[in-house]
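> This is the structure alone, sequence omitted:
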């Protein structure tokens, strides 16, 4: 199990506390293509760091030896924690309550270190047997400790409001964490039932998600283009969907979905198993109102806000339909189809070294705030970035914030094109977010999911603005604007439609539906999204099989739509207010997950329940399309 803290990676619950919010997700899988490196499978034991590899020594010096020592230490601490059980009465003193919370935090910090090491090592090479064995061992340890500590959360959830209020007054930075636990009161089971779910999750849901990672990370593709056949991993293949040659783009998609279609039976069964598991636990046992209401409660976001976001997104699909018709004209594409969605404005052969890309991102960050740039530079200086592409490495990109005072870790698949620079800016935004919140407890420094993409997407906007302002060639500026709009589509409308599909998929599977039905509904949704502006070939029916969050993190994707539209609004404020906006923005990030997202955003004048707020984001996108049309 991956503890809380991953941004842009797979979203899984923290087993230490049943009420802890699930954290971040999503692999972007951006990147260019460079010469393939030989396979590498470091164990993270220290020594010389190879080019493009991180060092994990800040987490553990030696995984086997440290695991034994930390397990022994945890045993003593959990034994001590269990002695609190006999003291848990409604009249419990604030002193004993806070002492228990501090001990729980100490235990959680150790578990987070072990969990982080296990997942980072596994991410380096999902085929590495030792890494997989270590990850399984840590997951089993997590589940066991979670079960032994479960009694405390259950007692807290059932405590009467008067005594809970009394203890929360004295809880300081733990307060929002405690409030979050009590949000789940109506959906919590008995202690024996919760223990069974914790144990079975390791060999159930977590195991299926792990198999999905292993299977999809190991897929290989044979791209036939320009008279040559090349064997590629997915990261390398996906660079070709942005190739200047339309035939290459089409060939890349053909090969992508040929391979996924070959594995559709297995992947489809994995998905159905995960959906049924979600339904049986959250609707059948915990009595949530709907599959998506589970996510909304985890995110602490009103259902009204999410429904409004999805409704406004669908209403504004026409903006992107108009954009892709315009892009088709500018790129001289006779018939715009899904194959050509990410066609470049012009052939851009330039490649960047990782050092050059890092310098560009830091320079852009510094133009906004020297403080943000200095924090991002620490991630690079401490060698907490794994950037190289190699066989077996987990796809896409993520940031993992382990502990408040620890420099976060960033995984990339860096191939050297301009999109990789944007991904670096994105992930360093996640890292900076966690570092700014370092004054909070381990339970409250992670932002809630709806705000998890704020710093990352804002970082991309800073980079884009910086590149645009430095560029003198109007053709290049037009190309940059197209790239921005492509990314806005991918992170706003596309994500909202993923969630619309998920709602249908959970209903279809719940009614005993088939893979054919799922694929038909996905294709119908995709065609409705583009209307007549973009033709969608039949093979895109398989696309949903290649989206990791749909498997690992149901209904996660609206956080991207939420975060990106929020950033469009915040960036608009920055353009108006200038330097005076910067400290208010930094204060938002520094709050971490210490307050509800609705409360934090009200400080900036944002009402997430307002249709006008979400529409304002789309109005900004419409203005970007108009700006592009004016350049044409």
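Right, received. Where do you want to start? Keep in mind that this is a model prediction, so the values were computed, not measured. Residues are numbered from 1 along each chain as shown.
> C-alpha from now on. contacts and neighbour counts both.
Will do.
> Helix or strand next in line after the helix or strand hosting residue 319, which one?
Per DSSP states H and E, residue 319 falls inside helix 317-330. Sequence-wise, the next helix or strand downstream of helix 317-330 (DSSP H and E) is helix 354-368.
> Show me what that following helix is packed against.
When contacts are defined as 3 or more C-alpha pairs under 8 Å, 6 or more residues apart in numbering; DSSP states H and E, helix 354-368 sits against helix 370-381, helix 418-436, helix 454-470.
> any idea which of those helices is most buried?
Stretch with highest mean neighbour count among the helices and strands packed on helix 354-368: helix 418-436 (a mean of 27; mean count of other C-alpha atoms under 10 Å).
> mean confidence score for it?
Averaged over helix 418-436, pLDDT sits at 94.
> what packs against it?
The contact analysis (3+ C-alpha pairs under 8 Å, 6+ apart) places helix 418-436 against helix 354-368, helix 370-381, strand 398-400, strand 409-411, helix 454-470, helix 581-590.
> just to revisit the earlier point, could you list the buried residues of the helix holding residue 319?
317-328, 330 (16 or more other C-alpha atoms under 10 Å).
> Please apply the same query to stretch 519-530.
Applying a neighbour-count criterion of 16+ other C-alpha under 10 Å, the buried positions in stretch 519-530 are 519, 520, 521, 522, 523, 525, 526, 527, 529, 530.
> any idea how far residue 132 is from residue 207?
Remark: distance between residue 132 and residue 207 (C-alpha to C-alpha, to the nearest Å) = 11 Å.
> typed the wrong thing, it's residue 134
Counting by C-alpha to C-alpha, the gap from residue 134 to residue 207 is 14 Å.
> Tell me which of those two has more neighbours.
Set residue 134 next to residue 207 and count neighbours by other C-alpha atoms under 10 Å: residue 134 wins out with 21 against 15.
> Rebuild the buried residues of helix 317-330 as CSV, extending it with pLDDT and distance to residue 147.
CSV is the format used below for these (pLDDT from 0 to 100; distance: C-alpha to C-alpha, whole Å):
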residue, pLDDT, distance to residue 147
317, 97, 46
318, 98, 50
319, 98, 50
320, 98, 48
321, 98, 51
322, 97, 54
323, 97, 52
324, 97, 52
325, 96, 55
326, 96, 57
327, 95, 55
328, 95, 56
330, 92, 59
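> circling back: indicate which one of the helices and strands packed on helix 418-436 is closest to residue 339.
For these, proximity to residue 339 was assessed by C-alpha to C-alpha; helix 454-470 is nearest, at 25.0 Å.
> Out of the helices and strands packed on helix 418-436, flag the one nearest residue 168.
For residue 168, the closest of the helices and strands packed on helix 418-436 is helix 581-590, at 21.5 Å, according to C-alpha to C-alpha.
> Just the mean pLDDT for the next helix-or-strand element following that closest one, thanks.
Toward the C-terminal end, the helix or strand that comes next after helix 581-590 (DSSP H and E) is helix 597-602. Average pLDDT, helix 597-602: 92.
> Report all helices and strands that the helix or strand encompassing residue 73 contacts.
Residue 73 belongs to helix 63-82 when assigned by DSSP H and E. Applying 3+ C-alpha pairs under 8 Å, 6+ apart, we find helix 63-82 packed against helix 94-124, helix 129-158.
> Now tabulate those in JSON lines and tack on distance to residue 464.
Formatted as JSON lines, the helices and strands packed on helix 63-82 follow (distance: least, C-alpha to C-alpha, whole Å):
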{"stretch": "helix 94-124", "distance to residue 464": "29"}
{"stretch": "helix 129-158", "distance to residue 464": "38"}
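> how about these in CSV, adding mean pLDDT and distance to residue 449?
Rendered in CSV, the data for the helices and strands packed on helix 63-82 read as follows (pLDDT from 0 to 100; distance: least, C-alpha to C-alpha, whole Å):
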stretch, mean pLDDT, distance to residue 449
helix 94-124, 97, 18
helix 129-158, 95, 21
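> isn't residue 497 right up against residue 525?
Yes. Contact criterion C-alpha atoms under 8 Å: residue 497 and residue 525 qualify, at 7.4 Å.
> Can you mark which positions in stretch 610-630 are buried?
613, 614, 615, 617, 618, 619, 621, 622, 624, 625, 628.
> now do stretch 115-131
Going by neighbour count (16+ other C-alpha under 10 Å), the buried part of stretch 115-131 is 115-128, 131.
> Over to stretch 497-510?
Within stretch 497-510, the residues that qualify as buried by neighbour count (16+ other C-alpha under 10 Å) are 497, 498, 499, 500, 501, 502, 503, 505, 506, 507, 508, 509.
> by contact count, what packs against the strand or helix carrying the fourth one?
Which is residue 500. Counting by DSSP H and E, the element that carries residue 500 is helix 493-510. The contact analysis (3+ C-alpha pairs under 8 Å, 6+ apart) places helix 493-510 against helix 264-278, helix 291-299, helix 303-315, helix 515-530, helix 558-577.
> Need these in CSV (columns: distance to residue 586 and mean pLDDT).
Putting the helices and strands packed on helix 493-510 into CSV (distance: least, C-alpha to C-alpha, whole Å; pLDDT from 0 to 100) gives the following:
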stretch, distance to residue 586, mean pLDDT
helix 264-278, 37, 97
helix 291-299, 21, 95
helix 303-315, 24, 95
helix 515-530, 36, 97
helix 558-577, 12, 90
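> and the ones you listed as a markdown table, adding distance to residue 58?
A markdown table is the format used below for the helices and strands packed on helix 493-510 (distance: least, C-alpha to C-alpha, whole Å):
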| stretch | distance to residue 58 |
| --- | --- |
| helix 264-278 | 34 |
| helix 291-299 | 30 |
| helix 303-315 | 39 |
| helix 515-530 | 44 |
| helix 558-577 | 30 |
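> List just the one of these that sits closest to residue 101.
Nearest of the helices and strands packed on helix 493-510 (C-alpha to C-alpha): helix 291-299, 20.9 Å.
> before we move on, back to that, just tell me which of the helices and strands packed on helix 493-510 ends up closest to residue 109.
Nearest to residue 109, of those and by C-alpha to C-alpha, is helix 291-299 at 21.3 Å.
> Residue 65 and residue 141, how far apart?
15 Å.
> Compare the two (neighbour count), which wins?
Set residue 65 next to residue 141 and count neighbours by other C-alpha under 10 Å: residue 141 wins out with 17 against 10.
> ok, that one - contacts?
Applying C-alpha atoms under 8 Å, 6 or more residues apart in numbering to residue 141 gives no contacts.
> Offset the numbering so it begins at 593, please.
Understood, numbering begins at 593; the last thing we discussed is residue 733.
> ok, residue 998 - how many residues close by?
Neighbours around residue 998, by other C-alpha under 10 Å: 15.
> Now it: which helix or strand?
Using DSSP H and E, residue 998 maps to neither a helix nor a strand.
> how close does residue 684 get to residue 748?
Separation of residue 684 from residue 748 (C-alpha to C-alpha): 11 Å.
> between those two, which one's more packed in?
Under the criterion of other C-alpha under 10 Å, the comparison of residue 684 against residue 748 puts residue 748 first, with 18 against 13.
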